[in-house]
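got a sequence here, can you build the structure:
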Amino acid sequence: MLTIVLLIISIVMQLVATVIAYSLVKSTKFNASWILLTFVLTLLLVKRMDDLMSELSKMLDWAQIIHIPQSVAIWSGMVISLCLVVAMLLIKKLFKHIRVTEQQRALTERRVLQAIIDAQEKQKGELAKELHDGLGPLLSTAQMSITAIKPEGEFQQKVVANAVEAIMLSIKTLKTASSSLSSHVLENFGLHRAISGIIKSYIALQKTKINFYTNLENRRFPNEVELAIYRITNELMNNTFKHSGAQNIDFDLVWSGALIEMRYKDNGCGFDINKNQQGMGIQNIYSRAKSLDAQINFIAEKGAGCQVDITIRTKEIKL
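Model (predicted):
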């Protein structure tokens, strides 16, 4: 009796699974592997019903209940096994297709991101040229004109001195902005020199200690890799000096033969990464890293500073 109860429960569950499978055939766009699996479930349901009939025949010796002959049952088992093998092969092929499609989608996303980044770089280069060639000479002319003034009184001397100091600071700030916008140092001399230049320009304007370690030396890497690291560094330092109030920055940029590992850490006020993740600066960093398919780990919380770890798989270019 227990065997019959278990068979009935099994048939009910098999029936539910079969009905669900049939209901999803249209959703799978009549995928061959899913149709085969549905067919297998149907055959298994029939097999379970036949097992129930067989048990009932043994139990009710006064009644002969019709069930599937043994030879048919054996052949149906063969068909089920064959369908399962074919279905598994089709599913394997389907997963391979999904994996290839996902890789193509990721590649397309990176290409779109790179196209956007290239357009941004072109705009930044044009802006840097305008600042350097347009505003730079005007400020220099203003500085020379003011220094040519011979103030008579003490008050006038202070006014002129303040004006000269303000113009000199403006020129320094302009050079820093122009340098950060333009990547000509990066293009001509590589990452080590370019990032050292960024650090020097920030140190000239801020009272923050920057501990910079790198073993890049004169190594060169693909242009998109160098540019991404250069811009990410600029963004991180800009965020630190604008918002964190940090007194100390530890920055490591290490080449290990197949990877560039970047670690940036400051001891500033920190921020809530969950609330600030949509900020333009952080989004720019993530976009740059994503364009290289790099691994990025952003650690930040209020009162505990900020740390960014980025790992980029790349190759060295022999010049």
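
please count neighbours and contacts with C-alpha atoms only from this point.
Will do.

after the lowest-mean-pLDDT helix or strand in the chain, which helix or strand is next?
Every helix and strand in the chain was compared by mean pLDDT, DSSP states H and E; the lowest is helix 273-276, with a mean of 66. Using DSSP states H and E, the helix or strand that follows helix 273-276 in sequence is helix 280-291.

next secondary structure after that following helix?
In N-to-C order, the element after helix 280-291 by DSSP H and E is strand 295-300.

give me the sheet partners of that next one and which way each runs.
Counting by DSSP bridges, the strands paired with strand 295-300 are strand 306-313 (antiparallel).

what's next to the partner strand, contact-wise?
Residues outside strand 306-313 that contact it (C-alpha atoms under 8 Å, 6 or more residues apart in numbering): 258-268, 270-271, 289, 292-300.

for Lys26, give me the pLDDT.
Note for Lys26: predicted pLDDT of 79.

dump stretch 81-98 to PDB, restricted to CA.
What follows is stretch 81-98, C-alpha atoms only, in PDB (Å, rounded to 0.1, in the frame of the first residue of the first chain):
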ATOM      1  CA  SER A  81      17.900   8.200 -22.400                       C
ATOM      2  CA  LEU A  82      18.500   9.300 -26.000                       C
ATOM      3  CA  CYS A  83      16.400  12.400 -25.600                       C
ATOM      4  CA  LEU A  84      18.200  13.300 -22.400                       C
ATOM      5  CA  VAL A  85      21.600  13.000 -24.200                       C
ATOM      6  CA  VAL A  86      20.500  15.100 -27.100                       C
ATOM      7  CA  ALA A  87      18.900  17.600 -24.800                       C
ATOM      8  CA  MET A  88      22.100  17.900 -22.800                       C
ATOM      9  CA  LEU A  89      24.200  18.400 -25.900                       C
ATOM     10  CA  LEU A  90      21.800  21.200 -27.100                       C
ATOM     11  CA  ILE A  91      21.800  22.800 -23.700                       C
ATOM     12  CA  LYS A  92      25.700  22.800 -23.700                       C
ATOM     13  CA  LYS A  93      25.500  24.400 -27.200                       C
ATOM     14  CA  LEU A  94      23.000  26.900 -25.800                       C
ATOM     15  CA  PHE A  95      25.200  27.900 -22.900                       C
ATOM     16  CA  LYS A  96      28.200  28.300 -25.200                       C
ATOM     17  CA  HIS A  97      26.100  30.600 -27.400                       C
ATOM     18  CA  ILE A  98      25.100  32.600 -24.300                       C
END
